[in-house]
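>>> For reference, the sequence and a predicted model appear below.
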Amino acid sequence: MLGGIIAWLSIAPWAYLGFNTVPQAIEEANINSRKAFLAMFIAIIVGATFYAFITLATAAVKPWTQFLGVWLATASAAREVVGDIGVGIILMSTFIAIMSGVNSYIYAASRLLFAMAKDHLLPQTLSEIHKKFRIPYKAIALTFTLASIGPLLGREALLWFVNIASFGTALVYLYVSFLLYRQRRSIALNSNRSELYVKTMGITPSIVSTTFIALLLHLLWLHHHFIPLIAITIYTLIGLTLYSIRRKGLNSKR
């Protein structure tokens, strides 16, 4: 049981990946950072609450040992309580949740491609804006195409994507926390917060992110899941290369 909890905990960052769409949409939504932080905080709390209640509701039907080997434990629990209607509600809710997550991933990824194209790290065509809708339509089209191909690769490939996304999400949180700690003085002055507060907000997420990364890598290695490990290594090297190119470009302009 403990091993199962640890395994799910290692991919927990993936479950909250869609929430990073909020800060990326600030510019288009034209809202200030305080409101954006509040929106993200509420979204995470609501999401975590729903995840917890789904688990509790399933466990309340019968002991967890009786769900071993069951493909969809929550749907099975719903069938025992309210019949096939409950199964339909669970499956429809799951479908809506998945599609909303995919939509947020496409949104976030397309804006990332757009930003990287503007910085000359990717082909300039990805930074083109639609004349009518004022969106990076080519970046969205590319992201949507790649996202549509992913599910066709099968269940095993989707599990790889989850592991890779969990590592990437934890790494991003670690990087942002590091920047928050490094620029704590200027952030404290601009946000009217104490330097100790900003320092704590930088150190604590760094520790949590590092723990998730170490836990995930350990489990992947322990269970001989080498393909996600190879992909993580390749993506990390690509990221470091692009970061180096970007940093050299900024230094040359100074």
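That came through fine. Numbers count the residues shown, from 1 in each chain.

>>> can you pull the pLDDT of the closest residue to residue 180 other than its chain neighbours?
Here the nearest residue to residue 180 in space, its sequence neighbours aside, is residue 202; by C-beta to C-beta, 6 or more residues apart in numbering that works out to 3.9 Å. C-beta here means a position set from N, CA and C on the backbone, and glycine is covered the same way. For residue 202, the model assigns a pLDDT of 88.

>>> what about residue 133, which SS state?
Following DSSP: H, G, I helix; E, B strand; the rest coil, the label given to residue 133 is coil.

>>> before we move on, back to that, check which helix or strand the residue nearest to residue 180 maps to.
helix 195-222 (DSSP states H and E).

>>> so where's this structure uncertain?
1-4, 16, 18-20, 22-31, 33, 250, 253-254 (pLDDT under 70).

>>> just the helices in it please.
Using DSSP state H, the helices of the chain run over residues 2-10, 12-15, 21-24, 26-29, 33-61, 73-82, 84-118, 137-149, 155-182, 184-191, 195-222, 226-253.

>>> give the contact list for residue 225.
By C-beta atoms under 8 Å, 6 or more residues apart in numbering, residue 225 lies in contact with 160, 163, 219.

>>> Going by neighbour count, which of the residues you listed comes out on top?
For the contacts of residue 225, the largest number of neighbours (other C-beta atoms under 10 Å) sits with residue 163, at 23 neighbours.

>>> Contacts only, for that residue.
Shown in contact with residue 163 (C-beta under 8 Å, 6+ apart): 11, 14, 216, 220, 225, 228, 232.

>>> Can you name the two of those residues that sit furthest apart?
Across these, the longest distance by C-beta to C-beta is 14.6 Å; it joins 14 and 225.

>>> Would you point out which residue is most central in the protein?
Among the residues of the chain, residue 17 comes closest to the average C-alpha position under C-alpha atoms, centre = their mean, at 1.7 Å.

>>> now it, nearest residue through space, not along the chain?
Nearest non-adjacent residue to residue 17, counting by C-beta to C-beta, 6+ apart: residue 169, 5.0 Å away.

>>> what does residue 185 give?
Nearest to residue 185 is residue 195, by C-beta to C-beta, 6+ apart, at 6.0 Å.

>>> Quick check: that neighbour vs residue 182, distance?
Separation of residue 195 from residue 182 (C-beta to C-beta, to the nearest Å): 12 Å.

>>> if we can go back for a sec, want to throw the helices of the chain into CSV with distance to residue 130?
Formatted as CSV, the helices of the chain follow (distance: least, C-beta to C-beta, whole Å):
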stretch, distance to residue 130
helix 2-10, 40
helix 12-15, 30
helix 21-24, 18
helix 26-29, 13
helix 33-61, 24
helix 73-82, 40
helix 84-118, 12
helix 137-149, 4
helix 155-182, 28
helix 184-191, 34
helix 195-222, 36
helix 226-253, 26
